[in-house]
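>>> here is my input; please provide its structure:
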Amino acid sequence: MARKLNVWSAQGRIGRKHYWLLIGVLVGISAASGFLPDSLKAVSSAVGLACAWPTICTYTKRLHDLGRSGWWQLAPLAFLVLGLLALMIGPSGVMVGLGVYLLGQFGFMIWLGCVPGQAKTNAYGPAPDAPQVDSEVFA
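Coordinates of the predicted model:
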């Protein structure tokens with residue numbers, strides 16, 4: 001029996017394939033909503049907010065597959081601090097700061113999608129590709 005993929009829950013683990021699939025869909029939806037006309041900016045903002053929670057859950061599950069807590073997704077905020085410090089260097093600091101922050105976020109996203117998860121069951125559950133035993137069959 002296949003596992004159900006719940007994008008609204010941060011419980012469990014997901015592998016790299018499902019991670020890229022979910023991130024691609026969420027980024028695509030968010031990007032598409034950015035092209036809405038100005039009269040629908042409220043809708044665009046609502047879509048962006050609606051995509052935020054599934055993105056957090058996707059990052060959390062991927063971190064769980066690596067044996068790490070979901071709180072590790074706050075690590076790229078260090079790049080935000082570096083970016084804010086870059087604002088102090090003058091007018092070009094805005095672009096440098098934004099670049100540093102985006103580079104950190106993009107690097108984190110790539111790292112999550114490329115590093116293989118733990119092959120065995122860890123504190124967050126069985127490996128995503130492990131066969132699932134349906135206990136009701138044996139009951």
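>>> use CA for all of it now, contacts and neighbours both
Noted.
>>> helices of this protein, start to end?
Taking DSSP state H as the criterion, the chain carries its helices at 16-33, 41-65, 77-86, 93-114.
>>> what's near enough to touch the closest residue to residue 70 other than its chain neighbours?
The shortest distance from residue 70 to any non-neighbouring residue, by Cα to Cα, 6 or more residues apart in numbering, is to residue 60 (4.2 Å). Going by Cα atoms under 8 Å, 6 or more residues apart in numbering, residue 60 touches 10, 11, 69, 70, 71, 73.
>>> narrow those to those that are buried.
Taking 16 or more other Cα atoms under 10 Å as the criterion, what is buried in the contacts of residue 60 is 10, 11, 70, 73.
>>> nearest to residue 37, out of the residues you listed: which one, please.
residue 73 (32.2 Å; Cα to Cα).
>>> for residue 56, see how far away residue 24 is.
14 Å (Cα to Cα, to the nearest Å).
>>> which residues touch residue 113?
Shown in contact with residue 113 (Cα under 8 Å, 6+ apart): 16, 17, 19, 20.
>>> same thing but at 10 Å, please
15, 16, 17, 18, 19, 20, 23, 59, 62, 63, 107 (Cα atoms under 10 Å, 6 or more residues apart in numbering).
>>> tally of neighbours for the spatially closest residue to residue 36 that is not a sequence neighbour?
Of all residues beyond its chain neighbours, the one nearest residue 36 is residue 44 (6.7 Å), with distances taken as Cα to Cα, 6+ apart. Number of residues near residue 44 (other Cα atoms under 10 Å) recorded here: 21.
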